[in-house]
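**Q** Sequence first, then the predicted structure, then my questions.
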Amino acid sequence: MSNEKIPCAVYRCSKQVEMYLYLRPDLKPESLPPELLKRMGLLTHVMDIDLAQRKLARVDNDKVIEKLRDPGYYIQMPPSGHITGHLYFGD
């Protein structure tokens with residue numbers, strides 16, 4: 001792991017179990033595209049992490065770091081077979 005800090009805020013998405021949003025700390029969830037926010041539902045801040053010091057369990061750190069640079073966020077989808085399909089959310 002590197003000595004360079006790579007901070008990241010992690011949010012849990014309410015519309016899909018085990019879906020998480022990794023967000024660059026200078027951004028707020030409200031700055032994301034409205035359609036994306038609508039699909040994720042309520043976002044609950046889970047933790048702040050340093051990606052240079054902590055290895056992620058389900059996703060490659062380098063992939064998350066690349067996405068944090070541009071566009072500033074990464075969405076971790078649920079493991080295969082755990083995606084809940086909704087035809088209509090009422091929204």
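**A** Received it, and whenever you're ready, just let me know what you need. Residues are numbered from 1 along each chain as shown.
**Q** and residue 47, that's in a strand?
**A** Yes - residue assignment for residue 47, taken from DSSP: H, G, I helix; E, B strand; the rest coil, places it within a strand.
**Q** Quick check: closest non-adjacent residue to it.
**A** Nearest residue to residue 47 in three dimensions, chain neighbours excluded: residue 10, at 5.1 Å (Cβ to Cβ, 6 or more residues apart in numbering). (Glycine included, C-beta is placed from N, CA and C.)
**Q** okay, which residue is most central for the chain?
**A** Centroid-nearest residue in the chain: residue 21, 1.5 Å away (criterion: Cα atoms, centre = their mean).
**Q** which secondary structure element contains it?
**A** Remark: residue 21 resides in strand 20-23, with elements defined by DSSP states H and E.
**Q** Checking residue 65 next. Helix, strand or coil?
**A** Secondary structure for residue 65, judged by three-state DSSP, is helix.
**Q** What residues does it make contact with?
**A** Counting by Cβ atoms under 8 Å, 6 or more residues apart in numbering, residue 65 touches 6, 51.
**Q** cool, and residue 36?
**A** Residue 36 sits in contact with no residue, where contact means Cβ under 8 Å, 6+ apart.
**Q** Go through the particular helix or strand that has it in it and flag the buried ones.
**A** Secondary structure from DSSP H and E places residue 36 in helix 34-40. Neighbour counts over helix 34-40 (16 or more other Cβ atoms under 10 Å) mark 37, 39-40 as buried.
**Q** got it, and stretch 55-66?
**A** Across stretch 55-66, burial judged by 16+ other Cβ under 10 Å covers 56, 64-65.
**Q** any idea which of the residues you listed is the one closest to residue 5?
**A** residue 65 (11.5 Å; Cβ to Cβ).
**Q** The closest one and residue 17: what is the separation?
**A** As defined by Cβ to Cβ, to the nearest Å, residue 65 lies at a distance of 25 Å from residue 17.
**Q** coming back round to it: now the buried residues of stretch 55-66 in CSV, please, with extra columns for pLDDT and distance to residue 6.
**A** Output for these, formatted as CSV (pLDDT from 0 to 100; distance: Cβ to Cβ, whole Å):
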residue, pLDDT, distance to residue 6
56, 89, 12
64, 95, 9
65, 94, 6
